[in-house]
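1. whatever this is, show me its structure:
(3 chains)
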Amino acid sequence: MAIEVRNLSKRYGTFQAIKDVSFEVIAGQLVALLGPSGSGKSTILRIIAGLEVADTGGVLLTGEDATRLSVQERGVGFVFQHYALFRHMTVRNNIAFGLKVRKLPKSDIRARVDELLELVQLTGYAGRYPSQLSGGQRQRVALARALAPRPKVLLLDEPFGALDAKVRDELRVWLRKLHDEVHVTSLFVTHDQREAFEVADQFIVLNEGKVQQVGPPQSLYLRPSSPFVAQFLGQVNILPLETIQLGPRSESPFPSSLSELALQSDVQIYVRPHDMEVQRERNGRPCWRARVERLTPLGGVVRMDLSINGDHRIQLELISDQTLDLEFAPGDTVFVTPRHMNVFDAQSHTFHPVVLGRETEARA
Amino acid sequence: MAAHAVTTHNRRFDLALRWTTLFYLGVMVVLPMVTLSVQAARPGFQPFWRALVDPYAWHALKLTFFTALVMVVINAVTGTATAWVLVRYNVPGRSLVNALIDLPFAVPTVVTGLMLVVLYGPTSVIGTVLGRFGWGVIYHQPGIVLALLFVSYPFVIRSVQPVLMELDRAEEEAAATLGAGAWTTFRRVTFPALWPSILTGSGLSFSRALGEFGSVVMVAGNHPLLTKTAPLHIYGEIESGNRHAALVVSAVLLASSLLILLGLNALQRRGGVNHGD
Amino acid sequence: MATDLSLDESNLPVPAPNLWQAVRPSSLGRGLLVGAVLAWFAILILVPSLALARQVFLGGLKPFLQAVARPEVQRAFGMSLGITALATVVNTVFGIGLALVLTRQRFWGRALVDGVVDLPFAISPIVAGLMLVVLYGPEGWLGRWLEPHGVRVVYAIPGMILATMFVTVPFVVRELVPVLRELGEEYEQAAHTLGAGRWRTFWRVTLPSIRWGVAYGVTLTVARSLGEFGAVLVVSGNVIGHTQTATLYIQEGVESFHTEGAYAASLVLAAISFILLVGMDFIRKHLEGGRENRP
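-> Prediction:
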């Protein structure tokens, strides 16, 4: 394990920033610490770095207890949201700082800085000052500076938060590529789930100072363990179970263990906008009868706003050419069939994934 | 037509405002300065030089620069430390201390001098104790430094404080994560950001100290060649009707202060370009 | 080369563990620093102030009141207050005007004017006094012309007023220039587009926005005017009696060993400056608050 966090808690006055947080990060992975603002993710990162002291709990870095070590002794690389470059130093001196502190020979420092400049594609910029660089370039210098002393782990606090959208996209792809080359264990904080999906091997989802779920991105997306995770990782429609109409000729779509759930009132269906199909006619499969309220073309996809029984609103997304064929118009009555959904039992607080497959598969 | 009349009216208003204020500034500030410089230079270079190297004048100037320098070194260190404590540490009574920092700007200099005489004078408790060790404060040179320290106390603090407040703590944290200890972080990261403001505050206090009169006249005791600073010397020469001698030393003080002011201006302009992001 | 960065390589040496850091020394260092700073502040600033108060009240409150009630003390304070009032009014009006000119008008030599405003800060009060004597004295450039017309400036009250005005020229301007610059011209331009003229815009839009800045500059001007000594000393010619300000009275009292009156007057001046200081702090909070509230 490159990072182990054990039962961390931290309170600021009356505000409990994090509560009993534990997780592990496997060496060489790029892990996202994901959560809404105020969920305590930055606090955790700062505690791991030693910039903050936890009230209780411990931190292990590469297997050694680092809880009592000072920031300086932890040997982590930290990338700050607003770069925190030393503004009176050139790019070269910024990157060399950590090496000079370690009193390395001058020639080694020079070689190492050159190597890093090349890695972050800023070779010609060694003599510039941070104020002469663009946002994306500054963040790359910050990354090079953090990597220079070969840290045990790299911690990134909202590394792309201060950049504009286009640069952010580029830098994300670049960071992923960089990590594939360098393999330094990295933990990065973000509130942007898209960013996390694009970059991370693993997610640690946080809410209100507590770990909600840990795992590979796709499995968290498909099998969330709580309504929070389901809603935080992308859009989701939530509908009471009783709104769905089971086809007269089809058997229950639910596994037998779940059939009895249908009798309870506190059960909801979580279904993502792109996990549904729309037909003009019923086809015997479980479906919702809905009214088209609005069609919004969004380039490659079309968003449909539908209402079910007049009081439930759902959104779904279809590939544009699918809708072109069907020529829906507001006011039409349609039938919506879920392909993949999660049935949530509020009483036991558990999700039951249900895969109905594509229509074609069901027929086959 | 009406719109045109309004524009002309506004333009006239602007011009009137500009020329009245500039005229006031010219008569109030520029004219006296020019007069002094011309009068000091009028008899020519030889008399100017002779008045300058007159042993009394020369000593007064040396003493002024020396005491101001001692004061500036002390104030640069203590001022930076005070600003640091006021900005960084949440000590109880901080806002009270912060409000009282400006006391030396508010207290008349004569009163300052009198306070110091009361506290450290030869007849005071402290003065008696120090006197037993043969140390004199009041009516000796340390008294001058003390008075200068008091009157210049706020300059460095007030100059460093806002810079320290705006400083990005993340830079220091970054240094720490890279392995730099507290002292290295201060020396390599914080201080380079602070020194222009320390220099500015020091320059202002030095300039102020060169001209300080009210407090020094109370504590210095007017011993020629011992405690007579340049402003005291100037006053003495005025009193004894030796106006040219007074003008020459005044011109030197004036030129020194102007140079400092110009230097600080250049420093600020340079800093503005470098950190203009 | 890229693999060179990987974790498989041995990590660089971590800086030697520092014993000081291990025991969280920052609290100790911090305590020492705070202690030193507060002690220095107390010794340099507070103790002398208290020593003066103690000295004055050593004999009880009655001698203090008697000293303050003396006619020459009353006259001196009256003179100080009068001069202060005049200098403050003139310099406030001028200061607001010049600050507006410096921030709202563009003209050749503006930077120079900006620098000239600060000059009185850089000039020794004694030198300032000497300047006025040279200019307005009987043989001075202006004095030569004024004296035959019966206008006596130097060694009379007008000179003392001029001296006080000279040393306090920069305060209001210096306070207002940054405030006006930060305020920007948009509010004024908005008023202009709504049909308000210069004068109306100034009274209804600009002045209300900068009132705390004006107040701060005025407070500084008052404090400095009340306390001005060197410049006034030179131009007053120290005529005993009717041309004595409070500070001149104090100095004369000390010189001639009539110390009770001098001490009492000093304490009154110190008390006034303390009140002004409290006012300054109050105003500064408003200034900073206003800065945050502004969009």
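2. when you work out contacts or count neighbours from here on, use the C-alpha atoms and nothing else.
-> OK.
3. with adjacent residues omitted, what lies nearest to residue 266?
-> Reading this off chain A. A:Ala346 (5.8 Å; Cα to Cα, 6 or more residues apart in numbering or on different chains).
4. I was after chain C.
-> B:Val111 is the one closest to C:Ser266 (Cα to Cα, 6+ apart), at 5.4 Å.
5. ok, that neighbour - contacts?
-> B:Ser215, C:Thr247, C:Ser266, C:Leu267, C:Leu269, C:Ala270 (Cα atoms under 8 Å, 6 or more residues apart in numbering or on different chains).
6. same thing but 10 Å
-> Residues near B:Val111 by Cα atoms under 10 Å, 6 or more residues apart in numbering or on different chains: B:117, B:214-215, B:218, C:49, C:52, C:227, C:247, C:250-251, C:262-263, C:265-270.
7. ok, B:Ala40 next?
-> B:34, B:47-48, B:243-252.
8. surely A:Ala290 is within a strand?
-> Yes. Looking at A:Ala290 with DSSP: H, G, I helix; E, B strand; the rest coil, it is inside a strand.
9. count the neighbours of it for me.
-> A:Ala290: 22 surrounding residues under other Cα atoms under 10 Å in any protein chain shown.
10. is it true that it touches A:Leu316?
-> No. In this structure A:Ala290 lies outside contact range of A:Leu316 using Cα atoms under 10 Å: 11.7 Å.
11. shared neighbours of those two, anything?
-> Common contacts of A:Ala290 and A:Leu316 (Cα under 10 Å, 6+ apart): A:Val278, A:Asp305, A:Leu306, A:Val336.
12. element containing the closest residue to the first one other than its chain neighbours?
-> It refers to A:Val278. Excluding the flanking residues, the one nearest A:Val278 by Cα to Cα, 6+ apart is A:Val336, at 4.6 Å. Assigning secondary structure by DSSP states H and E places A:Val336 in strand A:333-338.
13. enumerate the residues of chain B near chain A.
-> Chain B comes close to chain A at residues B:168-182, B:184-185, B:188-190, B:192-193, B:274-277, as judged by Cα under 10 Å from any Cα of the partner chain.
14. chain C next: which of these are close?
-> Okay, of the residues of chain B next to chain A touching chain C (Cα under 10 Å from any Cα), that's B:Leu178, B:Gly179, B:Ala180, B:Gly181, B:Ala182.
15. strands of the stretch 51-200 of chain C, start to end?
-> For the stretch 51-200 of chain C, applying DSSP state E, counting those that start in this stretch gives no strands.
16. for it, which residue gets nearest to chain A?
-> C:Glu182 (22.8 Å; Cα to the nearest Cα).
17. swap in the stretch 101-250 of chain B?
-> For the stretch 101-250 of chain B, Cα to the nearest Cα, closest residue to chain A: B:Gly179, 3.9 Å.
18. host element of the closest residue in space to that residue that isn't next to it in sequence?
-> Nearest non-adjacent residue to B:Gly179, counting by Cα to Cα, 6+ apart: A:Gln72, 3.9 Å away. Assigning secondary structure by DSSP H and E places A:Gln72 in helix A:71-74.
19. what's the mean pLDDT across that helix?
-> Across helix A:71-74, the average pLDDT comes to 89.
20. so which elements touch it?
-> On a contact count with 3 or more Cα pairs under 10 Å, 6 or more residues apart in numbering or on different chains; DSSP states H and E, helix A:71-74 meets helix A:41-49, helix B:169-177, helix C:19-22.
21. give me whichever of those helices is most buried.
-> Of all those, helix A:41-49 carries the top mean neighbour count, a mean of 24, counting by mean count of other Cα atoms under 10 Å in any protein chain shown.
22. and the angle from it to helix B:169-177?
-> Orientation check (axes from the mean of the first three to the mean of the last three Cα atoms, to 10 degrees): helix A:41-49 against helix B:169-177 gives 30 degrees.
23. does helix A:41-49 reach chain B?
-> Yes. On the criterion Cα under 10 Å from any Cα, helix A:41-49 is in touch with chain B at A:Arg46, A:Ala49.
24. how far does that helix sit from the chain's center?
-> Distance, stretch centre to chain centre, for helix A:41-49: 17 Å (Cα atoms, centre = their mean, to the nearest Å).
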